[in-house]
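K.L.:
Here's my sequence, what's the structure:
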Amino acid sequence: MTVEIDLEAWLWLSVYPFIILVTFDIFASKKWFPAYLLIVIYYPIIFWILSWFIYGRTDYETGELFFGILWGVFTVLTIGATLFLHYFYPKWIKSKEFRSMIGAKCFWGIYQVDSNANSWSIAYGGHCCTRRRACQYQGGISQETGRPDGFGEWIDDAGHGESLIGYWRNGVPMAPFRSTVRKSGDVFNAAVLMYYHATDDTFKKNKSKPTNILPARMGIASVECSVQGAFYKHVPEVRLFFDEPITVKDECMESLSPSSNSHVSTTEAIKKCIPYLALDLDSFDMESSAASTDNENLKTSIIISSDDPRGVQVEGHVNEMTGRHCSPSVDKVVVQVVRTGEDGRKKRAGIGRQSIITSMQLAPAKSTYFGRSYDNDISHNNDSEEESKEKVDDGVKDTPDLAATTDTANGQKDELGTSLAESPFHLKVQDWIPVQEKEALVLIPGLANSIAKSLLCFGQFIASTKLSGRIYPVVFGWPTASVVTYRYAAAGANNTRNVAHFLQLMEGLAASGIKRVHFLSHSLGAQSLIAAFTAVGDGKKYSRVSNCFHLSPSFENDKKEEREEKENRMVCKSITLLNPDYPVNEFVNHSFACIRRVCDHITIVGDRNDAVLYYSSVVNGVCNRWKHKNPVAPANARPEQEENQRRFDYELRLGREIESLFLPNNTISSSKDSTDERLLIHNTFRSPATKQYLDIDVIDTTNLDVNLDKVRHSAYNTNPILVRDLEDIILSGRRAKSRPSLLHREGNVYSYSHVPSFVTM
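P.N.:
Predicted coordinates for the structure are as follows:
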């Protein structure tokens with residue numbers, strides 16, 4: 001018997017469903033599923049077997065008819081299943097009709113198993129011969145709604161279930177929290193960020209022509225991000241803590257809009273936001289009894305630095321004699337290794353699982369941060385101290401594993417067999433007092449970034465590091481416009497009202513008790529940042545924003561009459577410019593001196609193949625040709641600079657021309673700022689004698705090849721090498737020559753020591 005197979009029909013029937021599925025998935029899901037490649041093998045095998053079975057046992061015409069019917073059934077079922085799983089099912093689950101007609105409890109068979117004051121458990125599933133699963137929550141519960149509220153832990157025993165530990169608000173997890181998928185090991189982190197919205201744009205969308213007439217708004221956002229394993233397409237995700245943002249009064253400028261009694265000062269708004277930023281997941285980890293809410297701050301690692309001319313610094317401490325973070329008269333630092341004794345263990349056991357859980361409810365109405373008292377908006381509780389203590393004790397008795405921790409304090413072993421003699425050590429610095437102050441990290445985003453997009457990008461960076469427990473992350477939203485209206489955005493970055501908004505934020509941070517600030521700018525945000533530090537007016541060296549900060553050590557001897565008298569000055573710990581869209585000549589001759597006077601740790605991260613900055617150079621050159629004024633050009637521009645404004649000038653951008661941050665030795669500049677010896681590096685290794693390099697760290701990322709888009713303009717929140725280096729800058733304050741991940745090339749230029757992704761051993 002001869003089996004006849006139509007090869008053309010076989011190929012067509014095999015490839016046609018695959019083309020439909022892949023095309024639909026690209027347009028509907030915007031993601032390529034490698035599993036669909038199996039269809040290339042799956043369909044040929046199935047149809048070959050069917051064709052042999054049908055053609056071999058019937059006549060050709062009948063077999064062809066049956067074969068066509070089977071092909072149609074397979075195609076319809078496959079396309080229908082794809083449409084249902086990718087489109088209809090997710091839409092239906094999220095719809096109001098589903099919640100009103102069926103509901104999650106009925107659909108998934110959810111019912112409550114157990115419930116008490118601090119925990120409850122539920123069961124779900126069990127349909128279609130599947131195994132029933134259980135979820136258990138242990139933590140704070142709202143007395144009004146009965147939902148998780150406060151600090152708690154959620155455990156789902158399903159393979160795809162999550163184990164989540166962190167904070168909850170009315171049944172919804174809000175940052176900070178950490179979640180792990182049991183089977184796959186995927187990890188999610190959520191960070192808390194504060195934003196200062198100094199533009200008239202909406203939260204998610206920018207105007208093409210930016211304005212900032214309305215008063216600024218402030219708020220707190222929770223940003224959930226993937227940090228390990230599979231990165232899900234629905235994250236990063238932003239959730240706001242406040243239903244309505246806090247409207248801020250115009251304090252540093254003339255108000256252009258009618259004021260309202262509901263408007264508050266920047267200081268009051270920041271103080272209202274700080275309690276949310278102060279939440280630290282690592283300090284309230286249920287698995288660690290080392291968390292503490294009292295004044296004793298147990299430390300297991302301490303960083304001591306002596307590279308600051310103002311004196312020796314001990315991280316997280318102030319000198320007992322001077323009350324300052326720096327002490328020039330110290331000739332030795334004594335670090336004591338202290339074993340946590342019985343008293344300390346009891347104290348730590350007393351603030352274990354349940355006391356942390358109820359801390360959100362038992363917090364007093366007044367909280368103190370940086371020596372100032374103000375209302376705590378997270379919780380208001382009028383219970384007395386004795387009543388609160390009774391509640392904590394009750395929570396301890398209801399928790400089995402906390403009782404084991406308490407028994408350890410009484411001399412018994414805990415569930416891991418750890419005795420009191422094996423309790424951990426902590427470090428104590430003699431003559432230095434530990435403080436719980438945090439530093440602020442302010443991000444100034446780049447072009448065409450709405451406040452929502454800026455929070456997503458910055459939240460991914462914070463969630464990928466260990467900065468959340470050490471700094472207060474703040475996003476400064478300025479009128480970033482859109483890509484088409486690039487020059488309008490550049491003008492908005494340099495206008496006086498934007499600078500006044502930035503000044504208002506800095507003064508609010510200082511009045512709220514912030515002592516040290518780090519700045520992180522991206523792309524066009526460098527113009528907004530540098531404009532705030534640039535003095536405007538004849539004979540002025542320091543802007544009003546510069547007066548909010550102490551001078552860097554090398555400029556402390558400048559005449560006092562050149563600066564205004566001001567209280568609560570802060571320290572600018574670092575300024576990092578990421579792929580800055582800024583003219584090189586203007587930065588070298590004038591702008592660098594403005595920021596160097598207040599900060600001695602300035603870093604530029606650039607890429608010689610940055611496509612965005614190349615087009616920026618071309619656009620600015622064309623605009624100069626058509627006599628559009630360059631918003632960055634100083635008022636006292638030299639004649640050749642004024643001439644460049646009337647012809648095409650390919651403007652070199654700072655983030656692309658990273659090897660041009662030097663002055664030739666024979667340069668005679670009309671600007672005294674560029675010839676100040678305090679702005680230059682002396683006796684640098686591999687520095688040609690014909691160049692005077694600026695005192696700045698330049699990081700070349702041209703050779704990085706992981707987690708970079710094609711334009712190579714933004715990788716600070718995705719590239720692991722860059723993320724870890726930025727974290728090192730903020731936490732340790734080390735210059736590039738002291739960071740182990742960098743190699744010195746020439747002058748002030750460094751590059752990362754790494755192996756390309758295509759190299760294997």
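K.L.:
what's the span of stretch 142-151 from first residue to last?
P.N.:
Terminal residues of stretch 142-151 lie 11 Å apart, using Cα to Cα, to the nearest Å.
K.L.:
Give me the buried stretch members for it, please.
P.N.:
Buried residues in stretch 142-151, defined by neighbour count with 16 or more other Cβ atoms under 10 Å: 148-151. In short, each C-beta sits where N, CA and C put it, glycine included.
K.L.:
Any chance of those residues in CSV with secondary structure as columns?
P.N.:
CSV is the format used below for the buried residues of stretch 142-151 (DSSP: H, G, I helix; E, B strand; the rest coil):
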residue, secondary structure
P148, strand
D149, strand
G150, strand
F151, strand
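K.L.:
Reformat the residues you listed as a markdown table; add pLDDT and distance to I699.
P.N.:
Below are the buried residues of stretch 142-151 laid out as a markdown table (pLDDT from 0 to 100; distance: Cβ to Cβ, whole Å):
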| residue | pLDDT | distance to I699 |
| --- | --- | --- |
| P148 | 87 | 43 |
| D149 | 87 | 44 |
| G150 | 86 | 42 |
| F151 | 89 | 39 |
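K.L.:
okay, these in TSV with distance to H197 next?
P.N.:
Formatted as TSV, the buried residues of stretch 142-151 follow (distance: Cβ to Cβ, whole Å):
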residue	distance to H197
P148	30
D149	28
G150	28
F151	29
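K.L.:
Please identify the buried residues of stretch 186-206?
P.N.:
186-199, 201, 203, 206.
K.L.:
What of stretch 525-537?
P.N.:
Buried residues in stretch 525-537, counted by 16+ other Cβ under 10 Å: 525-535.
K.L.:
hey, C-alpha coordinates of that stretch in PDB?
P.N.:
Taking C-alpha atoms only, stretch 525-537 is exported to PDB below (Å, rounded to 0.1, in the frame of the first residue of the first chain):
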ATOM      1  CA  GLY A 525      18.400  66.900  34.500                       C
ATOM      2  CA  ALA A 526      22.000  68.000  34.800                       C
ATOM      3  CA  GLN A 527      21.000  71.400  33.500                       C
ATOM      4  CA  SER A 528      18.300  71.700  36.100                       C
ATOM      5  CA  LEU A 529      20.700  70.800  38.900                       C
ATOM      6  CA  ILE A 530      23.700  72.900  37.800                       C
ATOM      7  CA  ALA A 531      21.400  75.900  37.200                       C
ATOM      8  CA  ALA A 532      20.400  75.800  40.800                       C
ATOM      9  CA  PHE A 533      24.000  76.100  42.000                       C
ATOM     10  CA  THR A 534      25.000  78.700  39.400                       C
ATOM     11  CA  ALA A 535      25.100  82.300  40.800                       C
ATOM     12  CA  VAL A 536      23.100  84.900  38.900                       C
ATOM     13  CA  GLY A 537      24.300  88.500  39.000                       C
END
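K.L.:
Quick one: residues in contact with it.
P.N.:
443-446, 476, 478, 480, 490, 493-494, 496, 498-499, 502-503, 519, 521, 541-543, 545-546, 575, 577, 580-582, 587, 590-591, 594-595, 598, 631-632, 634-635, 654-655 (Cβ atoms under 8 Å, 6 or more residues apart in numbering).
K.L.:
do the same with stretch 694-702
P.N.:
Contacts for stretch 694-702 (Cβ under 8 Å, 6+ apart): 588, 592, 596, 600-609, 658-659, 661-663, 678-681, 712, 715, 719, 722, 725, 735-736, 742, 745, 748-752.
K.L.:
Check which residues of it are buried.
P.N.:
Buried residues in stretch 694-702 (16+ other Cβ under 10 Å): 694-701.
K.L.:
Output those in CSV, with pLDDT and distance to F458 appended to each entry.
P.N.:
Listed next are the buried residues of stretch 694-702 as CSV, based on pLDDT from 0 to 100; distance: Cβ to Cβ, whole Å:
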residue, pLDDT, distance to F458
L694, 92, 28
D695, 92, 28
I696, 94, 23
D697, 95, 22
V698, 96, 23
I699, 96, 19
D700, 95, 24
T701, 94, 19
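K.L.:
Farthest pair within the residues you listed?
P.N.:
Spatially, the most separated pair among these is D695 and T701, at 20.8 Å (Cβ to Cβ).
K.L.:
And the strands in the stretch 51-200 of the chain?
P.N.:
In the stretch 51-200 of the chain, the strands defined using DSSP state E, counting those that start in this stretch lie at 111-115, 119-125, 132-141, 148-156, 162-169, 172-181, 187-197.
K.L.:
Give me the neighbour count for the closest residue to R131 other than its chain neighbours.
P.N.:
Nearest non-adjacent residue to R131, counting by Cβ to Cβ, 6 or more residues apart in numbering: G125, 6.8 Å away. Here the count is done by other Cβ atoms under 10 Å, and G125 has 14 residues near it.
K.L.:
surely G125 meets W108?
P.N.:
Yes. Assessed by Cβ atoms under 8 Å, G125 is found in contact with W108 at 6.5 Å.
K.L.:
which ones are touching M570?
P.N.:
Here M570 is in contact with 506, 509-510, 514-517, 548-550 (Cβ under 8 Å, 6+ apart).
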